[in-house]
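Q: can't give you the sequence, but here's the structure:
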């Protein structure tokens, strides 16, 4: 959905997950350090499964929203009459949500069954993030300059997230990687909001000049301010988790 | 061979290998987990050698097909009369098959002799996949837009496959990497078929408009649907292997 | 600050840190080798904390200098009157210093508290270097050719530094990586000076022809001479540390 | 030296080193496997030092040849009269040789002194290869198409070599990486010869058409034939080493 809500919805999902992880992983790390691997681990595995379930629900909400908004494709992919594809944008977003849904399914199965090899859940999450990045990349290739730039900054967050999750396949339960993932996810979420605000002015205000180079310079810098803010949020949540 | 069969043939090879791996590796992993490294390992090593043999046979079929189809080069590389190269496309495809053949030879030798260091078979396979990717990259550089795009999506599968096999040199018998390889190989195979269908319409139908941007958007998305389907196939085969 | 001082200031910071590291890490490595992990380690941890403090001070100096030089933005970001951004260059540099400051803060906290997981300080340093690289990349995208080239050589030093520090998250106290980091930091510092000298001629002299291709060829080579000189400095300091 | 000899000289150096490594490393690996780490290791360390010495000699030969050929710069870098740089090509090649020389020096010191940390020799070699790659990259940026293509294929060999040597910093004495390095070095050497033959026709013959796309297609393929040949050479030498 090329409007403000279409950016605010996934943005909120990512912020929620990022904030949640920035509390969960410090708690898990600190409790493991203190209690030396006791009952709590089982409790955290249960939390992983619930997380997977919430991912599935969020992905379903996203997919349904993309398909059945008034100007959505309503599951039609090809219009035989006009000989053209129907609302490919919405279909692409549906595909992105689909992969996050699949990642949730693998999370749940990893909890249910001992047979599923560890690391497969991280691999699937990494693939989901990577697919999102790839689709975005081709998505914005022929857009106006500022639109393209603001999305390409998002790609930095997406691909560094995909790489860090990929590393977790081999270095599971590494607190540094998990904190990094939490931070990158928060940045992704807030930047989705920023994109929505810049491109669609939900609260009115003048339209940003697409061709003004100084706007692009400001946005580049602003992206890293989001990042600095995410680091601050991580620090606060880590301290809270410690208490 | 720039026709449907020239894409369906390698596509089928990749699908066969991908499906086979998606059964073999779960079986190997689960039996190792259950029996704690017994007689079965020898059995699986034998299977690796047979696999190498089949690779050699497939590579030979591919090379012969590329050389001796009616419009092939029939082993002529340079035409002295016309002062030009003969059917370089077919020669490039022959080169690709050659490297897969070499990979098969290394597989067989790794089984026969204890002297060949472990990991060399994976390195050779990774090089073979990488060579395929490189040749494809230069192959499609000056083609029309859709043709180039549909092949560049293939490159994502090829290079992520090459990287994952490269990792297997150092992390041998890692089930997550092996499942990823199986998935990527299936995607490569089915996408070869898709390319053949889109570019050459084996069953008739209108030609795809090379310049229509929405076709490109659809193909991008379609590629990741193949990927999602491959994940589903992996899940099913893993479950079957468990039973 | 697009003048000589604006390049000499960060350049000097980097040279100081690089030289310091090229003495500290050999000392740490050799003393550990000799004394087999004794009291000295605590001493080196204290040094890490002081280092973090100096980083914070340097970052503050840099930020204040960028904001309050006569032609700086003086903390104004947007001019309501003229409807444009104020001195974005200086704001971007402020952002770079900010991240180095954050890295210093994490260094200090890692020393103060046992609760902060090891590796987080290296991750933050790596992010700081990466942010510097990203901002530079977008910074020079539309500049004249030689200006762009001379900065893009800087990017080689920056990004290889960021990667090597990222590796230190997982391979802490690896003397080879630490020496590499020291070398890359020295190169970065001396190259900042070189950029300042080439672009702003602090001691007079003819302006470099921006379009002369041979100037670009010379600068490429000159960059690697800096690198060779840094290697020599490392070798000398290592020998001194040994004595 | 932009002539046939200027390509044949470094090409021969690389082929010699590649062939030598393709014998040395299998011997080292097989003797370690058989004798279980005995006197032989010291012997191989001595060989490493001699290798370093030969590197230094080769680098000196290369540097002197580049400087003092009749049309060389004879150590003049800047011509005050004409206000231009003197023979920058030769200076760039001199820089490349310089780094290989530095790598040789580090090899020798690693042997002489126990104080030099292990891995530093591999890091320096990796940097030397990387510097060669970077200089080549900027070197050929504005050349005619075929010239650029034939050198960019060389870059594949160079950068994959640099990455593999970089890995050896952390995975020392890994036979797979060492065989890969030997193979890549042979390919680099033979490809230098190929470039010299294609661009300068040492034995006469028609000049290659720089703009003919089929020449470029052939060269791409030919590069990987060199690679296949290098694999065959490695296999033969490994077998010889075994006997």
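A: Everything's here; your move. Keep in mind the model is a prediction, meaning the values are calculated, not measured.
Q: and residue A:149, how far is that from chain C?
A: According to C-beta to the nearest C-beta, to the nearest Å, residue A:149 and chain C sit 8 Å apart. Bear in mind the C-beta positions are built from the backbone N, C-alpha and C, glycine included.
Q: Just say helix, strand or coil for that residue.
A: helix (DSSP: H, G, I helix; E, B strand; the rest coil).
Q: Enumerate every residue touching the closest residue to it other than its chain neighbours.
A: Nearest residue to residue A:149, sequence neighbours excluded (C-beta to C-beta, 6 or more residues apart in numbering or on different chains): residue A:216, at 5.1 Å. Residues near residue A:216 by C-beta atoms under 8 Å, 6 or more residues apart in numbering or on different chains: A:145-146, A:149, C:138.
Q: Buried members of those into PyMOL, please.
A: Applying 16 or more other C-beta atoms under 10 Å in any protein chain shown to the contacts of residue A:216 leaves a buried subset, and the PyMOL line that selects it is:
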select buried, (chain A and resi 146+149) or (chain C and resi 138)
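Q: what's the lowest-pLDDT member of the contacts of residue A:216?
A: Within the contacts of residue A:216, pLDDT reaches its minimum at residue A:145, with 81.
Q: For that residue, list the residues it contacts.
A: Residue A:145 sits in contact with A:210-211, A:216, where contact means C-beta under 8 Å, 6+ apart.
Q: Model confidence for whatever residue of chain A ends up closest to chain D, exactly?
A: Scanning chain A for the residue nearest chain D gives residue A:170, at 14.2 Å (criterion: C-beta to the nearest C-beta). In this model, residue A:170 is scored at 91, pLDDT.
Q: now it: how far from residue A:122?
A: Residue A:170 is 9 Å from residue A:122, where distance means C-beta to C-beta, to the nearest Å.
Q: Compare the two and say which one has the larger neighbour count.
A: Neighbour count, other C-beta atoms under 10 Å in any protein chain shown: between residue A:170 and residue A:122, residue A:122 has more, with 25 against 15.
Q: Could you list which residues are in contact with the more buried one?
A: Residue A:122 neighbours (C-beta under 8 Å, 6+ apart): A:165-166, A:168-169, A:172.
Q: Can you tell me which of those is nearest chain C?
A: Chain C has its nearest neighbour among the contacts of residue A:122 in residue A:168, at 12.0 Å by C-beta to the nearest C-beta.
Q: In contact with that closest one, which residues are there?
A: So residue A:168 contacts A:119, A:122, A:126, A:174, A:177-178, A:181 (C-beta under 8 Å, 6+ apart).
Q: Which one of those residues is nearest to chain B?
A: Nearest to chain B among the contacts of residue A:168, with distances taken as C-beta to the nearest C-beta, is residue A:119, at 4.3 Å.
Q: Count the neighbours of the closest one for me.
A: Residue A:119 has 19 nearby residues by other C-beta under 10 Å.
Q: thinking it is in contact with residue A:172, fair?
A: Yes. Using C-beta atoms under 8 Å, residue A:119 is in contact with residue A:172, at 6.5 Å.
Q: where does chain A dip in pLDDT?
A: A:1, A:36-42 (pLDDT under 70).
Q: And the helices in it, which stretches?
A: Counting by DSSP state H, the segments of chain A that form helices are A:4-35, A:40-68, A:88-112, A:120-139, A:145-170, A:175-200, A:213-242.
Q: Distance to residue B:44 for these - can I get that in CSV?
A: Output for these, formatted as CSV (distance: least, C-beta to C-beta, whole Å):
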stretch, distance to residue B:44
helix A:4-35, 36
helix A:40-68, 31
helix A:88-112, 25
helix A:120-139, 20
helix A:145-170, 23
helix A:175-200, 32
helix A:213-242, 45
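Q: Name the residues of chain A found near chain C, please.
A: A:29-30, A:156, A:171, A:175-176, A:179-180, A:213-218, A:220-221, A:224-225, A:227-228, A:231, A:238, A:242 (C-beta under 8 Å from any C-beta of the partner chain).
Q: which of these are buried?
A: A:29-30, A:156, A:175-176, A:179-180, A:215-218, A:220-221, A:224, A:227-228, A:231, A:238.
Q: ok so, going back, let's have the contacts of residue A:216 in CSV, adding distance to residue C:86.
A: Listed next are those as CSV, based on distance: C-beta to C-beta, whole Å:
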residue, distance to residue C:86
A:145, 22
A:146, 19
A:149, 20
C:138, 18
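Q: And the contacts of residue A:216, which is closest to residue A:115?
A: Set against residue A:115, the nearest of those by C-beta to C-beta is residue A:149 (46.1 Å).
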